[in-house]
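A.B. asks: sequence and predicted model, in that order:
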Amino acid sequence: MSLNHDLRNHISVAFGYLELLPTKFPELKNNHHFNHVKNGMARAIEISENLSLAINDCLNNTEFSPASKKTGFARIKVQEYLNHSTTSIYEELSEVYDIDFNVTFSTINDDKYVYLNQESLKKARENIITNAIAAKATHIDIDFEMKNYCIVATFKDNGKGMTQEDLDKLMLQQHGDGILHGLGTQNILKTIEEHGFMVSYSSLPNMGTSIRLLIPYN
């Protein structure tokens, strides 16, 4: 992806984490210094978006980034995608995979866009499902929540879960310091990296596994 695309992704993901922090630490909602940091990050995102628009205007093309033409990334309007595609995607998958899906999503009023490689995302989505099935899961709760600067996508299964040792291995794999076991996990992490998403895993033995993605707007 282009340098500016990566810059916006990193800033937006950082802001996404900031938005999630008060859910664990409610006192931050009214913290003066914390709010200053959030305001500064919001301003950085605004500046980077203006830079992106200027670049696209110079190229006379507002629908695709320079990198998207080479990599198959298309600019997608988030609200339309969630409202018109999400349910049908998992209805089709339910006919292929022996597992139940419960899909929910929430949108905001502001128009937001993301750059997505649909084929790459399809593979990652299927790998998340097959990994859950391999863990003896019979059900996956899937939720997409639009926030001001990112989407939070959560996949929670009811499989056998993972030990802390398994989770530690995943953290190493994400940073390139561990051995990737299984093509499913490898494909998921590859897709996350090329899109500029951030991922976190949480799991307990016999309590299932949750995968949370922070997907920045562009």
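C.D. replies: Sure thing, it's come through. Residues are numbered from 1 along each chain as shown.
A.B. asks: what pLDDT does Ile89 get?
C.D. replies: At Ile89, the pLDDT value in this model is 93.
A.B. asks: where's the closest residue to Cys150 other than its chain neighbours, which helix or strand?
C.D. replies: Leaving out its chain neighbours, the residue that sits closest to Cys150 by CB to CB, 6 or more residues apart in numbering is Gly16, at 3.7 Å. Bear in mind the C-beta positions are built from the backbone N, C-alpha and C, glycine included. Element membership for Gly16 (DSSP states H and E) is helix 3-24.
A.B. asks: which residues does Lys77 contact?
C.D. replies: Going by CB atoms under 8 Å, 6 or more residues apart in numbering, Lys77 touches Asp111, Lys112, Tyr113.
A.B. asks: okay, and the beta partners of it?
C.D. replies: Beta-bridge partners for Lys77, by DSSP bridges, are Tyr113.
A.B. asks: neighbours around the residue nearest to Asn83 when sequence neighbours are not counted, how many?
C.D. replies: Nearest non-adjacent residue to Asn83, counting by CB to CB, 6+ apart: Thr107, 7.2 Å away. Thr107 has 16 neighbours, counted by other CB atoms under 10 Å.
A.B. asks: what about Thr86, distance to Glu19?
C.D. replies: 22 Å (CB to CB, to the nearest Å).
A.B. asks: what of Thr191?
C.D. replies: Taken as CB to CB, the span from Thr191 to Glu19 is 23 Å.
A.B. asks: wait, isn't Lys136 in contact with Gly159?
C.D. replies: Yes: in this structure, Lys136 is within contact of Gly159 by CB atoms under 8 Å, at 5.2 Å.
A.B. asks: just give the nearest non-adjacent residue to Phe73, would you?
C.D. replies: Nearest to Phe73 is Tyr115, by CB to CB, 6+ apart, at 4.4 Å.
A.B. asks: my read: the residue nearest to Asn83 touches Gln79, true?
C.D. replies: Yes: with contact defined as CB under 8 Å, Thr107 counts as touching Gln79 (4.9 Å).
A.B. asks: now do the shared contacts for these two.
C.D. replies: Met146.
A.B. asks: quick revisit: top of the contacts of Lys77 by number of neighbours, please.
C.D. replies: Lys112 (20 neighbours).
A.B. asks: which ones are touching that one?
C.D. replies: Lys77, Val78, Gln79, Met146, Tyr217.
A.B. asks: which one among those sits at the bottom for pLDDT?
C.D. replies: Minimum confidence in those sits at Tyr217, scoring 86.
A.B. asks: returning to that earlier point: out of the contacts of Lys112, which are buried?
C.D. replies: Val78, Gln79, Met146, Tyr217 (16 or more other CB atoms under 10 Å).
A.B. asks: among those, which one lies nearest to Asn39?
C.D. replies: Tyr217 (17.7 Å; CB to CB).
A.B. asks: ok, so what distance separates the closest residue to the closest one other than its chain neighbours from Glu80?
C.D. replies: Sequence neighbours aside, Lys112 is the residue nearest to Tyr217 in space, at 4.6 Å (criterion: CB to CB, 6+ apart). Between Lys112 and Glu80 the computed distance is 10 Å (CB to CB).
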